[in-house]
Every structure is written in C-alpha cells, then in structure tokens.
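**Q** show me the folded form of this:
(chains A, B, C and D)
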Number of protein chains: 2
Amino acid sequence: MRIGELARRTGVSERSLRYYEQQGLLVAERTPGGQREYPEQAVDRVIRIQELFAAGLHSKKIAQLLPCMRDADGGPSAIATPRLVADLVTERDRIDRMITELVNSRDVLDEVINAASQDRG
Amino acid sequence: MRIGELARRTGVSERSLRYYEQQGLLVAERTPGGQREYPEQAVDRVIRIQELFAAGLHSKKIAQLLPCMRDADGGPSAIATPRLVADLVTERDRIDRMITELVNSRDVLDEVINAASQDRG
DNA sequence: GTAGAAGCTAACATCGATGTCAAGTTCAAG
DNA sequence: CTTGAACTTGACATCGATGTTAGCTTCTAC
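**A** Next up is the predicted model:
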C-alpha cells in the first residue's frame, strides 16, 4: 500500500510516517517512480511505534529495540545486547511508575466527574 | 517552607515550582522580603500536579481542575461546570487508552528483556 | 495526453514544560 | 557588618515529534 492508505489505516500522519523512516523505524520499498510502497505488515509496526512513543521512548531507543521484538510473523531478528537490556529495564520501570501515576490521575478525574454529576443528579 | 525545601521534597525543580505559580496551579505566601513561603500541604499538591502533567493534561486544564479536587484536608472548593466535566471525561478516556497502550508497551519490553536473559541464562 | 489526486523533498514553525544564566536581594549565622 | 547560601525576576535556549507550506513529480482514469 502507499503512504496515504497507511496513514489512514493507522491514524498517523504522512509526515510522521516519513519521519519514522528517516529515523530508521520503518522501511519502505519504492516504486520505479520513487513512491513508497508498504507491506501489509507495516500497519502493525506503525501502531507499535506509536505505542512506544506514547510510552516515552525516543526514536533512537525504539530503533534499537524494534529488531529485537517478535514480529507478527516470526521471532525476533536480533537479540538485545546487555547494554540495551539495561536501558530497557530502566524504561520498563519508568513505564511501570507511569502507569501507577496514570491510574492515580484517572481516579482523581473520576472523582471530580462523579462529584459533579451527583451534584446535579 | 521555602522553595528549596519544597523542591527537594517533591523532586520538582525550583524553576518548575515558579512556573506552576505563574500558571495559577500553586499559591504561595510571601515573606516580608518577598520570598515564597509554602504550607505543608504544598507537597501533596505539587505531586498531584506532576501526576496530571504526566497524564498529558495542560496547565490550563489543571488550573480549572484543581479547585474541584478533594483536598487532603477537606472537600472540593468548587464543583466542575458541565463544560469542564465534558473535557474531563474526554481526558479520562484518553488516559484510559494511554494506560492500555502503556501496559502493552511494558509487556513488549518484558518480552525482549526476557528473551535476552534466556538467551544468556 | 491531460487533469487532478496523491507523493516527493526540503525547510521552517510550533508547543510547553523545563534548563540555564545573569544580576540583584534577602536571610541566617558568625 | 559581613559573608555565603538561598531566593528573586527576567530572558533566552532546548528538545522532539509533528504541522505546514512550497515547488515539483508520479500515478490513475478518462
């Protein structure tokens, strides 16, 4: 598929898809005319990239991480180096703390929302 | 307490604390000389502010939200307007999706980490 | 072949919390 | 008093993903 369809199907802008490629997160074949041609697989990959961005990882770390991930259709094509593993552990712990905080914040919001609806209901 | 102690106790920089005040998120008494004097309560408040920032809320929204929150020592000093409630519901849903994504990302990281340690262990 | 939709590259803009630096003031202890 | 730590305001810098615009090319359908 071409970039427009990928953008539509993932909800990620074309701008960002090109940026991902530039950062080495996403590879595309090219048509003879130079347009990007993505495999079906790209949809899942882009979504995963977005999730990792949302988790606060930077593109550089994601670029290191991606080859070590189990793909939809197979095992990882690389094994994380000890150095990378250490980084990933740090990130995972950070994400864990983040999740705790988010749950906290969500509960706070819920409380305010409920207080307001009770006030009226 | 003064700003240095508050910064130390919350892990938030003095710069950020002043910024919070400027954004109307945090109030401080002033000494005759003009220095900020915070109540004990400020510690919890700053932590909560940080959590809301981490949840992706902008200072403006937080400023609207804070007066509607139950304080450590009492009920809320304001009730959210319908308009605000609508915003908060949107935010809460976004946070919920975010939590799902984060759990997802954490599991992916765990898998990579475990694959690497198995490979060596 | 031609028109219009879709893609390409490149450059510049944005946003918002936070870092940092400078020059001056206040506070606490000797 | 005086000294040094802590504080003040203000201005400018940063970071990184993404938006936006411009000028040009390719693709698709008639």
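**Q** all strands for chain A, in order.
**A** A:29-30, A:36-37 (DSSP state E).
**Q** want to throw the ones you listed into JSON lines with distance to B:Val85, mean neighbour count and mean pLDDT?
**A** Every C-beta, even on glycine, is put in place using the N, C-alpha and C of the backbone. Shown next, in JSON lines, are the strands of chain A (distance: least, Cβ to Cβ, whole Å; neighbours: other Cβ atoms under 10 Å in any protein chain shown; pLDDT from 0 to 100):
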{"stretch": "strand A:29-30", "distance to B:Val85": "49", "mean neighbour count": "9", "mean pLDDT": "97"}
{"stretch": "strand A:36-37", "distance to B:Val85": "44", "mean neighbour count": "16", "mean pLDDT": "98"}
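**Q** looking at those, which is nearest to DNA strand C?
**A** strand A:36-37 (3.3 Å; Cβ to the nearest atom of the strand).
**Q** right, is that closest one up against DNA strand C?
**A** Yes. Counting by Cβ under 7 Å from any atom of the strand, contacts between strand A:36-37 and DNA strand C involve A:Arg36.
**Q** between the strands of chain A, which one is nearest to A:Gly121?
**A** The closest of these to A:Gly121 is strand A:36-37. By Cβ to Cβ, the value is 52.3 Å.
**Q** the closest one pairs with which strands, parallel or anti?
**A** Pairing partners of strand A:36-37, with direction, according to DSSP bridges: strand A:29-30 (antiparallel).
**Q** please report the distance of A:Thr31 from B:Glu29.
**A** Per Cβ to Cβ, to the nearest Å, A:Thr31 is found 67 Å from B:Glu29.
**Q** what's the burial count for whichever residue of chain A sits closest to DNA strand C?
**A** Proximity of chain A to DNA strand C (Cβ to the nearest atom of the strand) peaks at A:Gly4, 2.2 Å away. When counting by other Cβ atoms under 10 Å in any protein chain shown, one arrives at 11 neighbours for A:Gly4.
**Q** wait, it sits on A:Val12?
**A** No. Assessed by Cβ atoms under 8 Å, A:Gly4 is found out of contact with A:Val12, at 11.6 Å.
**Q** residues from chain A in reach of DNA strand C?
**A** A:Arg2, A:Ile3, A:Gly4, A:Glu5, A:Glu14, A:Arg15, A:Arg18, A:Ala28, A:Gly34, A:Gln35, A:Arg36.
**Q** residues near A:Val12, how many?
**A** With other Cβ under 10 Å as criterion, A:Val12 counts 20.
**Q** backbone dihedrals for it, please?
**A** phi -110, psi 140 (degrees, to the nearest 10).
**Q** for the closest residue to it other than its chain neighbours, list the residues it contacts.
**A** Excluding the flanking residues, the one nearest A:Val12 by Cβ to Cβ, 6 or more residues apart in numbering or on different chains is A:Val46, at 5.6 Å. Taking Cβ atoms under 8 Å, 6 or more residues apart in numbering or on different chains, we find A:Val46 in contact with A:Leu6, A:Thr10, A:Val12, A:Leu17, A:Tyr20, A:Leu26.
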